[in-house]
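> This is a predicted model, with the sequence first.
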Amino acid sequence: MFYLYQMFKKIIFIPLFFAVLFSCSPKKKEVDLIIYNGKIYSVDSAFTAYEAMAVSDGKVIELNTNTQILNKYISKNIENVFGKSVFPGFIDAHCHFLSYGLGLCQVNLVGTKSFDEVVSRVVNFNKNNTLYKNSLPNTRSKWIIGRGWDQNDWLIKQFPTKKILDSLFPHTPIILKRVDGHSALVNNEALRIANITKHSFVNGGQIVLSKGELTGILVDNAVDLVVNKIPPPSIEQIKQALLAAQENCLKVGLTTVDDAGLMKNDIDVIEELQKSGTLKMRIYAMLSDSMPNFNYYLNRGPYKTERLNVCSFKFYADGALGSRGACLLENYHDKPNWKGFLLNKKEHFVYYSKILAKKGFQMNTHCIGDSSDRVIAKIYNDALNSKPLSLNRWRIEHAQVVNKNDLKKFHNIIPSVQPTHATSDMYWAKDRLGETIVKTAYAYKDLLKSAGLLALGTDFPVEDISPFKTFYAAVARKDSNGFPENGFQIENALSRQETIRGMTIWAAYANFEDKEKGSLEKGKYADFIILSDDIMTCDINKVLTTYVISSYINGEKVYTLNK
């Protein structure tokens, strides 16, 4: 009997014990999303890694261990990531998002190995893209537009001429931009429409002649003489371009893009799509250096929503190294008595630097050559009166060639650089600059030491949109084929942690957005990506085969891999 009595007490006690236990436990808080069983790189100041994360109302609620998060929170949407790495959403600190989208429906000349291949692609495009051409306004459909050729990739490394295009397309205007966008080949019909003759002249550009005749090559501001004659895309075409660009960017883990050069009309379309919920991408819009933008925004000041930030103007100080339009302190090694040129008078940059400083706008200037870097750095420092970097965060875009004596000037300027430019240009950069000066080019580690941070991007469509190629080029200093074996000027390689910061929190800082994104911390937007490999620890060569499993913006899954 005593034994049965003891058993009866245990039967009664056990459920009572658990009832009391759970009645004393705090009730789990319901959240919108729980991510667990991962390696979550917060990219906070200590670069802390966590196992789990809770998200609500589009923001991070907490990061902790699996046990802590699962015991504290409950959700209808709980995702086990099975040990995969999780990073803050990548930010491309310098790209051309809209131009990339529009270019998806134009002749793609990237990777051509000869001018004959360029011509072949143009001919095939003209034959096979009647649906696209019929969807354009009549005046725009008459044009053939392409981009991406690079004569430095050809056996004959010289600018092409318009002769063949004239014979094949005598009545169809054609413009084929070089990969950097700073020079273009046009045919005779395009020259006629733009009223360009062998006697024409343009400030900040070149109309290239050979034996006194037009070759069809235009450099920098001369390109605009033709571009300005092309009817603009319709609003519907802009919408289609933005959504097509978004689709590809989300696939590679980009959740914010800095579009370097937009007009007010473009921004109006972006905001309309964002408000409708179809454009999820966060966009940091740099306004083009143009009177319509100045007239509208300088009177109204910076403008910001949750997904759109308009607080900067983009200027061009010079052109590109590949087309010898970059402004150098010394003559080009492969073109005697030629140093390139500034695209505008110094007074233009000085004038607007003072206005922007007064109006509270950021100034971001394209500088490729060491001369343009020196000019703009001085203008910045004069306009800002040595105010702390945190107040203005003015940027030099590209900073490709920087004289070593000017590095100290970057203590108050943010270098916004694109690591794949180094690995694209390394085959011929020494030809342009010479063996001594090339050592001061693409010097990202030196710039980091001077500035304290770098904002990293791609400059797509000049380069590929892939952040993984950015990461690989920054860390390994190699192209996608693993060349050169020991890396290009490897002394200027970045560490993996520095590179990730440059693609996330430092890029957010360059956008005045580091308090809201760029790292996964409590109260920040839940913009994050789940990767197939851990790029912080895997063999560096596996970075190029790493892919995005899922991308999230505001805690919403905006892309997932379909296998």
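Good, I have the coordinates. Residues are numbered from 1 along each chain as shown.
> Could you use CA atoms for every contact and neighbour count after this?
Fine.
> What's the separation between the closest residue to residue 287 other than its chain neighbours and residue 255?
Leaving aside its sequence neighbours, residue 287 sits nearest to residue 313 (CA to CA, 6 or more residues apart in numbering; 4.5 Å). Noted for residue 313: a distance of 22 Å to residue 255, by CA to CA, to the nearest Å.
> hmm, back to that, report the separation between the residue nearest to residue 287 and residue 365.
8 Å.
> Same question for residue 78.
44 Å.
> With neighbour numbers in mind, choose between the two.
residue 365 (27 against 15; other CA atoms under 10 Å).
> Can you dump the C-alpha atoms of the helix or strand residue 244 falls within in PDB for me?
In the assignment (DSSP states H and E), residue 244 maps to helix 235-251. Backbone C-alpha positions of helix 235-251 (Å, rounded to 0.1, in the frame of the first residue of the first chain) are rendered in PDB as follows:
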ATOM      1  CA  ILE A 235       8.200  56.200 -68.400                       C
ATOM      2  CA  GLU A 236       7.100  52.700 -69.000                       C
ATOM      3  CA  GLN A 237      10.500  51.700 -70.400                       C
ATOM      4  CA  ILE A 238      12.200  53.200 -67.300                       C
ATOM      5  CA  LYS A 239       9.900  51.200 -65.100                       C
ATOM      6  CA  GLN A 240      10.700  48.000 -67.000                       C
ATOM      7  CA  ALA A 241      14.400  48.800 -66.800                       C
ATOM      8  CA  LEU A 242      14.300  49.400 -63.000                       C
ATOM      9  CA  LEU A 243      12.500  46.200 -62.300                       C
ATOM     10  CA  ALA A 244      14.700  44.100 -64.600                       C
ATOM     11  CA  ALA A 245      17.800  45.600 -62.800                       C
ATOM     12  CA  GLN A 246      16.300  44.800 -59.400                       C
ATOM     13  CA  GLU A 247      15.700  41.200 -60.300                       C
ATOM     14  CA  ASN A 248      19.300  40.600 -61.200                       C
ATOM     15  CA  CYS A 249      20.700  42.600 -58.200                       C
ATOM     16  CA  LEU A 250      18.600  40.700 -55.700                       C
ATOM     17  CA  LYS A 251      20.000  37.500 -57.000                       C
END
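> so what secondary structure elements neighbour it?
Counting contacts by 3 or more CA pairs under 8 Å, 6 or more residues apart in numbering; DSSP states H and E, helix 235-251 packs against helix 97-103, helix 264-276, strand 548-553, strand 556-560.
> how does this protein divide up, domain by domain?
97-227, 235-519 (automatic domain parsing).
> JSON lines please, covering those and showing mean pLDDT.
Formatted as JSON lines, the domains of the chain follow (pLDDT from 0 to 100):
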{"stretch": "domain 97-227", "mean pLDDT": "89"}
{"stretch": "domain 235-519", "mean pLDDT": "96"}
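> Of those, which is nearest residue 27?
Proximity to residue 27 (CA to CA) singles out domain 235-519 among the domains of the chain, at 28.9 Å.
> Tell me which of the helices and strands packed on helix 235-251 is the most buried.
strand 548-553 (a mean of 23; mean count of other CA atoms under 10 Å).
> pretty sure residue 492 is touching residue 440, no?
No: Residue 492 is beyond contact range of residue 440, at 9.8 Å (criterion: CA atoms under 8 Å).
> what's near enough to touch residue 462?
148, 179, 180, 181 (CA atoms under 8 Å, 6 or more residues apart in numbering).
> ok, now residue 107?
121, 122, 125, 144, 145, 146, 147.
> The stretch 351-500 of the chain: strands as residue ranges?
Assigned by DSSP state E, counting those that start in this stretch, the stretch 351-500 of the chain shows strands spanning 362-367, 395-398, 414-417, 455-456.
> Helix, strand, or coil at residue 287?
Secondary structure for residue 287, judged by DSSP: H, G, I helix; E, B strand; the rest coil, is strand.
> Bridging across strands, which residues link to it?
Beta-bridge partners recorded for residue 287 (DSSP bridges): residue 262, residue 313.
> That one and residue 145: what is the separation?
Relative to residue 145, and taking CA to CA, residue 287 is found at 24 Å.
> Specify which residue of these two has the higher count of neighbours.
residue 287 (25 against 22).
> Identify the residues contacting that one.
Residue 287 neighbours (CA under 8 Å, 6+ apart): 260, 261, 262, 263, 264, 293, 310, 312, 313, 314.
> what does residue 214 give?
So residue 214 contacts 197, 198, 207, 208 (CA under 8 Å, 6+ apart).
> what about the residue nearest to the last one when sequence neighbours are not counted, neighbour count?
Closest residue to residue 208 apart from its sequence neighbours, by CA to CA, 6+ apart: residue 217 at 5.5 Å. Applying other CA under 10 Å, we find 24 other residues in the vicinity of residue 217.
> List phi and psi for residue 282.
Main-chain dihedrals, residue 282, degrees, to the nearest 10: phi -80, psi 140.
> Provide a list of residues in contact with it.
255, 256, 257, 306, 307, 308 are the contacts of residue 282 under CA under 8 Å, 6+ apart.
> Can you select the buried ones among those residues for me in PyMOL?
Buried subset of those, written as a PyMOL selection, criterion 16 or more other CA atoms under 10 Å:
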select buried, resi 255+256+257+307+308
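> Tabulate the contacts of residue 282 (JSON lines), appending secondary structure and distance to residue 545.
As requested, the contacts of residue 282 are exported to JSON lines (DSSP: H, G, I helix; E, B strand; the rest coil; distance: CA to CA, whole Å):
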{"residue": "255", "secondary structure": "strand", "distance to residue 545": "20"}
{"residue": "256", "secondary structure": "strand", "distance to residue 545": "22"}
{"residue": "257", "secondary structure": "strand", "distance to residue 545": "22"}
{"residue": "306", "secondary structure": "coil", "distance to residue 545": "33"}
{"residue": "307", "secondary structure": "coil", "distance to residue 545": "30"}
{"residue": "308", "secondary structure": "strand", "distance to residue 545": "32"}
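> ok, of the contacts of residue 282, which one's closest to residue 423?
Of the contacts of residue 282, the one sitting nearest to residue 423 (CA to CA) turns out to be residue 257, at 21.8 Å.
> Just to check, the closest one is in contact with residue 284?
Yes: if you go by CA under 8 Å, residue 257 and residue 284 touch, sitting 6.1 Å apart.
> highest average neighbour count across the domains of the chain?
domain 235-519 (a mean of 20).
> measure that domain end to end?
35 Å.
> try stretch 209-217
Span of stretch 209-217 from end to end, CA to CA: 8 Å.
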